[in-house]
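[1] got a sequence here, can you build the structure:
(chains A and B)
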Protein chains: 2
Amino acid sequence: MKQNPSTCFAPRESVEQVEEGDQLAPKFDAQGVIPCITMHAETREVLMFAFMNPEALQLTIETGLAHYWSRSRQKLWKKGESSGMFQKVQRMLIDDDQDCVIIEVELTQPTAGGAEASCHVGYRSCFYREVPIGNSGGEPVKLKFTEQEKSFDPKAVYGDTPNPTQL
Amino acid sequence: MKQNPSTCFAPRESVEQVEEGDQLAPKFDAQGVIPCITMHAETREVLMFAFMNPEALQLTIETGLAHYWSRSRQKLWKKGESSGMFQKVQRMLIDDDQDCVIIEVELTQPTAGGAEASCHVGYRSCFYREVPIGNSGGEPVKLKFTEQEKSFDPKAVYGDTPNPTQL
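    Below you'll find the predicted structure:
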């Protein structure tokens, strides 16, 4: 993993600079990554949550296409490179202490067919289940699906690529 | 930090159960926490990004009020307990591999006065700066403020509480 901050990032020098300044001084965690929240630019759905290393963040800024750091594969991950489901960044935001970014994106459809989507399971968003709020009276919490149908067939799109989900 | 999963969570037994099932089987990372994206239920703004330990997640589900794990203070953090800026959870979502949650919230105003908000710096959202997309031609990236005014006076609301931002 590339650990050195790239040259387009400023060094973090003070709380005031980081919180109130106009320099991009992102904080990468102990694993060398920064969390990224990916939203649909039009619908305002949160589509996925992933991480960027310095190289992925810089490439996303420079090219306008979402790049991440794949923790399961331990490599740079240009979203869409195997599926065709690219993410075109319309806007990027960074938070107060500069340890989290948001990208607002437009999606492209999978090359193998299906509707625009983002989730490797086949749903449009990775957040396709609701957790009911309120005391369940000791009963196990039961998730409710908010998407009823998959947007694409993950077998057709990803073939035998190993599933990134880890237990 | 409380490390044992609480009883309302199911054990993680298979990828299929985690991705396609209706059991809540969250994954806490090596630090014992799960990331949480907090959105405004009406405006769909992302307000903040923080972490929950098992106790905070369970309390949020049971009470409908956002609880987090404060990494800077290393303690359970009921949002609003010092500021009055509580977050009432309207909906919670969980992602495919159950290692990230979203809460959609309504906000309450700071006790010391000001408009409803979420960010300790005084802005409505923690994400008050935009990172311009596109090659900057070697020039440093210059952030653009998307909020022009603070929603409340952080000095009046937080007094001499240490700033949680870490360099």
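
[2] count the neighbours of A:Asp29 for me.
    For A:Asp29, the count of nearby residues is 11 (other CB atoms under 10 Å in any protein chain shown). For glycine as for every other residue, the C-beta is placed from the backbone atoms N, C-alpha and C.

[3] that one: which element?
    Using DSSP states H and E, A:Asp29 sits within no helix or strand.

[4] who are the contact partners of it?
    A:Asp29 is in contact with A:Asp99, counting by CB atoms under 8 Å, 6 or more residues apart in numbering or on different chains.

[5] pull the contacting residues for A:Ser125.
    A:Ser125 neighbours (CB under 8 Å, 6+ apart): A:40, A:45-48, A:117-119, A:147.

[6] among these, which are in strands?
    Secondary structure assignment (DSSP state E) places A:40, A:46-48 from these within strands.

[7] out of those, which touch chain B?
    Applying CB under 8 Å from any CB of the partner chain, the subset of the ones in strands among the contacts of A:Ser125 adjacent to chain B comprises A:46, A:48.

[8] who wins on neighbours among the ones in strands among the contacts of A:Ser125?
    Compared across the ones in strands among the contacts of A:Ser125, A:Leu47 has the highest neighbour count, 26 neighbours, by other CB under 10 Å.

[9] check contacts around the closest residue in space to that residue that isn't next to it in sequence.
    Excluding its sequence neighbours, the residue lying closest to A:Leu47 (CB to CB, 6 or more residues apart in numbering or on different chains) is A:Ser118, at 4.0 Å. Going by CB under 8 Å, 6+ apart, A:Ser118 touches A:38, A:47-48, A:85, A:87, A:107, A:124-126.

[10] I'd like to know how many residues surround A:Val59.
    If you look again at residue A:59, you'll see it is Leu, not Val. Residues near A:Leu59, counting by other CB under 10 Å, number 19.

[11] my read is that A:Thr60 contacts A:Met92, right?
    Yes: applying CB atoms under 8 Å, one finds A:Thr60 in contact with A:Met92, separated by 7.3 Å.

[12] roughly how far apart are the closest residue to A:Asp99 other than its chain neighbours and A:Pro11?
    With sequence-adjacent residues excluded and distances taken as CB to CB, 6+ apart, A:Asp99 is closest to A:Lys27, at 4.1 Å. Shown here: A:Lys27 relative to A:Pro11, a distance of 11 Å by CB to CB, to the nearest Å.

[13] ok, the two, which is more surrounded?
    Remark: of A:Lys27 and A:Pro11, A:Lys27 carries more neighbours, 17 against 9, as counted by other CB under 10 Å.

[14] does that one sit in a helix or strand, and which one?
    With DSSP H and E as the test, A:Lys27 turns up in no helix or strand.

[15] for it, give me the pLDDT.
    Predicted confidence (pLDDT) for A:Lys27: 97.

[16] what residues are up against the nearest residue to A:Gln90 once chain neighbours are set aside?
    Distances taken as CB to CB, 6+ apart place A:Ala41 nearest to A:Gln90, at 4.2 Å, with adjacent residues excluded. Counting by CB under 8 Å, 6+ apart, A:Ala41 touches A:90-91, A:104-106.

[17] specify the beta-bridge partners of A:Met52.
    A:Ile34 (DSSP bridges).

[18] hang on, isn't it packed against A:Ile37?
    No: using CB under 8 Å as the test, A:Met52 is too far from A:Ile37 to be in contact (11.1 Å).

[19] can you list residues touching both of the two?
    With CB under 8 Å, 6+ apart, A:Met52 and A:Ile37 have common neighbours A:Val101.
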